[in-house]
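Engineer: Build the 3D model from these lines:
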Amino acid sequence: LLVGLALCCGCRGRGRHEGMQVARVVERSSQDRTRVMVLCLVAQLASNLDVSMPSTYSGPLFESLAGSRSMSGVWLGLSSVCGIAALPLWVVVSRRSVKCAFLVHASFMTAGALVTCLALHIRSVPLLMVGRSISGAKSGFLYVNEMVLYTVIPMSERGFWMGIQATSCAVAYTSGPAVASTLTTFLSAISGHVPTAITSELVTFLLPVLFGLCEVLLVAQYFPMSLDLPDDIDAIARVHGMAGNRRHTPSLLGVKVVFCCSVAGVLLRNFVRTAWEAGALSLYDVFFGMGATSAGFLVSGIALTSFVGRLAYLRLAASHGDSLDRCIVHWSSLAMLASATLLLPWPLWVIGPGPPGTRAWSWVFTIASAFLCIAKAMQAVPGKALATSMVIPNSRLFNKSGLAICSALSFMAASMAGPSISRFVLDIGTTQRRELAFPCVLCVACLLNAVATALTLLSLELPQNGQAPKDFAQCLSPLSRAAAAIGEAATPLPLDPATRKVARMLPSA
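Structural biologist: Residues are numbered from 1 along each chain as shown. Model prediction:
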């Protein structure tokens, strides 16, 4: 939140001493785009933290209140159920006023957190469900965030800002368990005894109240009213002949297949993230015997490795634009599948049950999880960028609004199904079946993601007449594609002043 405030202030202060009126207008437009994107990032960061923080102590919480850890998966997934139900509200509100959508988001987050704190205070499970439902309605803000990105940011800079947005989401999702564990450790140091799971969750839910109040202040002070109802920047570029299509344009069938595969990829990648997080917390807590607090720190530390993939793509997007997207998407899907396969209990099968096999599996599981997070982070942005550049404007479904709605639905469906399925497979059957079931679920999801990626790359090569390309090997040759992409990307793409300033803030590759 402090970073968002500083960037908004920096955007506000620039351009006051420009000498020419034309330069001032261009700079003002660039400032407004940067400012509204920073506000979107701050709001999404707070929203994702509110989703990820409760997962650390949700298992012990419901074990003490309801006697079953599996109920925690239902409680965590309830947020996405209500986000899906409230999605029509976000579509209507954002089409009337983007600023109003920000204020509604802050209201849902604050009200849900207050109701949840009351439920924890009186130890009421039904009221916990109500508070999570109210707080979950804010998840539909993801649609607003994506629509602003698709309509405000030019295509040449869209991959860069998608990378920034994905990094913001990674910050929230990876640091959520660590933030909850840090608050518990701090509270334990002050009180002199280990707090209960109820007390830990109560302290955790006080943060969204602060987030909501800070978001209201930032939006009221820094939101640019010129982008309250933004026009589609791609439509404006087409009218003025500045679209600049650098890609081969596939057939209508290819565009529709890319659209569907992109939405399926969002669903599968987020399912892998949420299922891995919930399952890894349970494995480290119960099977590896680390405890909930240590498991929260370790899971957050592993998830932080996704920043390697995020920052690598950010630097590539800032320097070379979207020319490397297809190569990145292809290899990342294969890396995800290989990493998920390594999560299986191979050391237990080779060494045998016992402390040595368990210790070896914990190391292999940790390393494979880090590679899984890196590969998933690398694929997320270019996969969606490919779809945003190939939509049908006059279609009712295969346009930017349809892509944003379907992506938000897929994201929330994955957030709902991931923890529930992961906790369910870890609570049934014998110990050996539990060890095998959780990694197998991730392997199936990564395999489906690789299939969707292959269909996307094939569909991009379909000619205008809808016939399949003659040389499929050429379509699937990642080495030749990478060489051609690197040759095409020899000259970095120009960025506007505001985007260039943000790019300079990133660490070098």
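Engineer: Need phi/psi at N394.
Structural biologist: When quoted as degrees, to the nearest 10, the phi and psi of N394 stand at phi -90, psi 10.
Engineer: Can you report how many residues lie near it?
Structural biologist: Neighbourhood size, N394 [other CB atoms under 10 Å]: 6. Quick note: C-beta positions are derived from backbone N, CA and C, even for glycine.
Engineer: repeat for G289
Structural biologist: If we define neighbours as other CB under 10 Å, then G289 has 11 of them.
Engineer: Can you classify it as helix, strand or coil?
Structural biologist: Here G289 is recorded as coil under DSSP: H, G, I helix; E, B strand; the rest coil.
Engineer: D231 too?
Structural biologist: Assignment for D231 (three-state DSSP): coil.
Engineer: give me the element the nearest residue to it once chain neighbours are set aside is part of.
Structural biologist: Distance criterion CB to CB, 6 or more residues apart in numbering; nearest residue to D231, sequence neighbours excluded, is T151 at 7.1 Å. For T151, the enclosing helix or strand under DSSP states H and E is helix 141-152.
Engineer: Quick check: next helix or strand after that helix?
Structural biologist: Counting by DSSP H and E, the next helix or strand C-terminal to helix 141-152 is helix 155-191.
Engineer: angle of the helix or strand just after that next one against helix 155-191?
Structural biologist: Remark: after helix 155-191, the chain's next helix or strand is helix 197-204, criterion DSSP H and E. Orientation check (axes from the mean of the first three to the mean of the last three CA atoms, to 10 degrees): helix 197-204 against helix 155-191 gives 130 degrees.
Engineer: Who are the packing partners of helix 197-204?
Structural biologist: Helix 197-204 is packed against helix 58-65, helix 98-122, helix 155-191, with contacts defined by 3 or more CB pairs under 8 Å, 6 or more residues apart in numbering; DSSP states H and E.
Engineer: Of these, which is nearest A197?
Structural biologist: helix 58-65 (3.8 Å; CB to CB).
Engineer: what does the average pLDDT come to for the closest one?
Structural biologist: For helix 58-65, mean pLDDT rounds to 80.
Engineer: And for stretch 353-362?
Structural biologist: For stretch 353-362, the mean pLDDT works out to 86.
Engineer: will you turn the helices and strands packed on helix 197-204 into JSON lines that also has mean neighbour count?
Structural biologist: JSON lines is the format used below for those (neighbours: other CB atoms under 10 Å):
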{"stretch": "helix 58-65", "mean neighbour count": "20"}
{"stretch": "helix 98-122", "mean neighbour count": "21"}
{"stretch": "helix 155-191", "mean neighbour count": "21"}
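Engineer: Would you convert those helices into TSV that also reports distance to A414?
Structural biologist: Shown next, in TSV, are those (distance: least, CB to CB, whole Å):
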stretch	distance to A414
helix 58-65	18
helix 98-122	20
helix 155-191	12
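Engineer: So which of those is nearest P208?
Structural biologist: helix 98-122 (3.8 Å).
Engineer: can you state the direction angle for the closest one and helix 141-152?
Structural biologist: Using the same axes, to 10 degrees, the direction of helix 98-122 lies 160 degrees away from that of helix 141-152.
Engineer: Against which helices or strands is helix 98-122 packed?
Structural biologist: Helices and strands touching helix 98-122, as assessed by 3+ CB pairs under 8 Å, 6+ apart, comprise helix 21-52, helix 87-96, helix 125-136, helix 141-152, helix 197-204, helix 206-222.
Engineer: what's the spacing between it and its chain's center?
Structural biologist: 21 Å (CA atoms, centre = their mean, to the nearest Å).
Engineer: the inter-axis angle of it versus helix 87-96?
Structural biologist: Angle of helix 98-122 versus helix 87-96, following the same axes, to 10 degrees, is 140 degrees.
Engineer: Between helix 58-65 and helix 98-122, find me the angle.
Structural biologist: Between helix 98-122 and helix 58-65, the angle comes out at 40 degrees (the same axes, to 10 degrees).
Engineer: Helix 125-136 and helix 98-122, what's the angle between them?
Structural biologist: Going by the same axes, to 10 degrees, helix 98-122 makes 160 degrees with helix 125-136.
Engineer: Run the angle between helix 98-122 and helix 21-52 for me.
Structural biologist: Angle, helix 98-122 to helix 21-52, by the same axes, to 10 degrees: 20 degrees.
Engineer: need the helices and strands packed on helix 98-122 in JSON lines with distance to L316, mean neighbour count and mean pLDDT, can you?
Structural biologist: Listed next are the helices and strands packed on helix 98-122 as JSON lines, based on distance: least, CB to CB, whole Å; neighbours: other CB atoms under 10 Å; pLDDT from 0 to 100:
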{"stretch": "helix 21-52", "distance to L316": "19", "mean neighbour count": "21", "mean pLDDT": "75"}
{"stretch": "helix 87-96", "distance to L316": "31", "mean neighbour count": "17", "mean pLDDT": "88"}
{"stretch": "helix 125-136", "distance to L316": "35", "mean neighbour count": "20", "mean pLDDT": "89"}
{"stretch": "helix 141-152", "distance to L316": "18", "mean neighbour count": "24", "mean pLDDT": "86"}
{"stretch": "helix 197-204", "distance to L316": "36", "mean neighbour count": "21", "mean pLDDT": "84"}
{"stretch": "helix 206-222", "distance to L316": "30", "mean neighbour count": "18", "mean pLDDT": "89"}
